[in-house]
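Student: coordinates only, no sequence provided:
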């Protein structure tokens, strides 16, 4: 079986990434599960009293809330049934291949793809997501899953392909600018995990806010908005008032430090505010020392770390390492790309991916947002 993408596991973390590409019209993927039915751990576990230990409404899909949970912390049969219904409702079920246990993985360098060794034969895929959590089979289960993850990481030729929470920015999709439905659908074809919606010009912001307030929460785990960095007319207070209208499910609001003059209003954005480090074209915001005054004035703000900007400032990446060392507790997400001679974002090159690897490994627990089209 040859697919563009393969997802291992059909529990919550497998059903979720299977839904987004299907809704965006992408069909060339498969979900592999060793069991004889959908549900992951909620199908495999059968011990008496098996139930979720968090409230049911939190242990749910944001895009498919269930107002009919029978109890605060639901039991296994109800959770499993809910998973099956969501898979059916959103068209994921036909993509699930049952009784296919993944035993190992290898990387085919020439074809730039992974080959998964399964109980039903080999499966090849350009992108592989291992969506598993914890133990699904007594004693041997955790070891199998852990070794599977290790095999995928070790066999991958690229650090990027091994990172599980990659998404893309809509900032590079110039031909779709302000067509928010189309931008979301295009981003979902790259990843269903994360998205950054860019309103780089102030005139785009009202349309983006109106769009996000009119739709259900987008089906991504991480949603960020890049605030205006050019064509500014609003005062800082007026801009923050507008940004406060973004729905609560928008996790991050990225701002360039040079676009913020009066910092006091930005305190109202709290932890959602993310300050991005700048490239050499900007007169400030390049180094940890530059950004320190912003974080002193904005104690809840976080860091949006642009690794290509940091490399452009200092090819040794010492500036990058200092940013991460000083502001590690503030790190929200990463902007990832290469830069051309004019400091414009271009697709990440193999050489830059290798060059950035040691720095990116320090950012393994946050989303990585592609600032240029994936190759």
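Tutor: Cool, got the structure. Keep in mind that this is a model prediction, so the values were computed, not measured. Numbering: from 1, shown residues only.
Student: let me see the domain layout of this protein.
Tutor: Using automatic domain parsing, the domain ranges for the chain come out as 2-156, 166-370.
Student: now those as TSV including mean neighbour count?
Tutor: Backbone N, C-alpha and C define where each C-beta goes, glycine included. What follows is those, written out as TSV (neighbours: other Cβ atoms under 10 Å):
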stretch	mean neighbour count
domain 2-156	17
domain 166-370	18
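Student: worst mean pLDDT among the ones you listed?
Tutor: For the domains of the chain, the weakest mean pLDDT is recorded on domain 2-156, namely a mean of 72.
Student: off-centre distance for that domain?
Tutor: Computed by Cα atoms, centre = their mean, to the nearest Å, the separation of domain 2-156 from the middle of its chain amounts to 17 Å.
Student: partners of the most centrally placed residue in the chain in the sheet?
Tutor: Averaging the C-alpha coordinates of the chain gives a centre point, and the residue nearest to it by Cα atoms, centre = their mean is residue 194 (3.0 Å). According to DSSP bridges, the partner residues bridging residue 194 are residue 167, residue 222.
Student: tell me the contacts of it?
Tutor: 165-168, 220-224, 333, 367-369 (Cβ atoms under 8 Å, 6 or more residues apart in numbering).
Student: cool, residue 64 as well?
Tutor: 86, 89, 90.
Student: what do you get for residue 227?
Tutor: If a contact means Cβ under 8 Å, 6+ apart, then residue 227 has 199, 205, 239, 243, 253, 254, 255, 259 as its contacts.
Student: export those as JSON lines, with columns for secondary structure and distance to residue 45.
Tutor: Output for the contacts of residue 227, formatted as JSON lines (DSSP: H, G, I helix; E, B strand; the rest coil; distance: Cβ to Cβ, whole Å):
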{"residue": "199", "secondary structure": "coil", "distance to residue 45": "45"}
{"residue": "205", "secondary structure": "helix", "distance to residue 45": "47"}
{"residue": "239", "secondary structure": "helix", "distance to residue 45": "49"}
{"residue": "243", "secondary structure": "helix", "distance to residue 45": "43"}
{"residue": "253", "secondary structure": "strand", "distance to residue 45": "40"}
{"residue": "254", "secondary structure": "strand", "distance to residue 45": "40"}
{"residue": "255", "secondary structure": "strand", "distance to residue 45": "45"}
{"residue": "259", "secondary structure": "helix", "distance to residue 45": "50"}
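Student: how about JSON lines for those, with distance to residue 72 added?
Tutor: Formatted as JSON lines, the contacts of residue 227 follow (distance: Cβ to Cβ, whole Å):
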{"residue": "199", "distance to residue 72": "39"}
{"residue": "205", "distance to residue 72": "39"}
{"residue": "239", "distance to residue 72": "41"}
{"residue": "243", "distance to residue 72": "35"}
{"residue": "253", "distance to residue 72": "33"}
{"residue": "254", "distance to residue 72": "36"}
{"residue": "255", "distance to residue 72": "39"}
{"residue": "259", "distance to residue 72": "45"}
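Student: thinking again about what came up before, which ones among the contacts of residue 64 lie within helices?
Tutor: Of the contacts of residue 64, the ones assigned to helices by DSSP state H are 86, 89.
Student: the stretch 251-375 of the chain: strands as residue ranges?
Tutor: Residue ranges of the strands in the stretch 251-375 of the chain, as given by DSSP state E, counting those that start in this stretch, are 252-255, 273-276, 302-306, 331-336, 338-339, 345-346, 368-370.
Student: let me fix that, I meant to ask about the stretch 51-200 of the chain.
Tutor: If you assign secondary structure with DSSP E, counting those that start in this stretch, the strands in the stretch 51-200 of the chain sit at 96-97, 102-108, 113-118, 121-130, 166-169, 194-198.
Student: adding distance to residue 268, write the ones you listed out as TSV.
Tutor: TSV is the format used below for the strands of the stretch 51-200 of the chain (distance: least, Cβ to Cβ, whole Å):
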stretch	distance to residue 268
strand 96-97	45
strand 102-108	47
strand 113-118	46
strand 121-130	37
strand 166-169	25
strand 194-198	20
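Student: out of those strands, which gets nearest to residue 5?
Tutor: With respect to residue 5, and counting by Cβ to Cβ, the nearest of the strands of the stretch 51-200 of the chain is strand 121-130 at 4.3 Å.
Student: what ranges do the helices span in the stretch 101-250 of the chain?
Tutor: 140-155, 159-162, 180-190, 202-214, 236-243 (DSSP state H, counting those that start in this stretch).
Student: redo the contacts of residue 194 as a markdown table? Include distance to residue 71.
Tutor: Conversion of those to a markdown table gives the following (distance: Cβ to Cβ, whole Å):
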| residue | distance to residue 71 |
| --- | --- |
| 165 | 31 |
| 166 | 36 |
| 167 | 34 |
| 168 | 39 |
| 220 | 29 |
| 221 | 26 |
| 222 | 30 |
| 223 | 30 |
| 224 | 35 |
| 333 | 36 |
| 367 | 33 |
| 368 | 38 |
| 369 | 38 |
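Student: for these, which one is nearest residue 12?
Tutor: Sorting these by distance to residue 12 puts residue 221 at the head of the list, at 11.3 Å, by Cβ to Cβ.
Student: thought the closest one was touching residue 165?
Tutor: Yes. Under the criterion of Cβ atoms under 8 Å, residue 221 makes contact with residue 165 at 7.0 Å.
Student: list residues touching both of those two?
Tutor: Between them, residue 221 and residue 165 share these contacting residues under Cβ under 8 Å, 6+ apart: 193, 194, 367.
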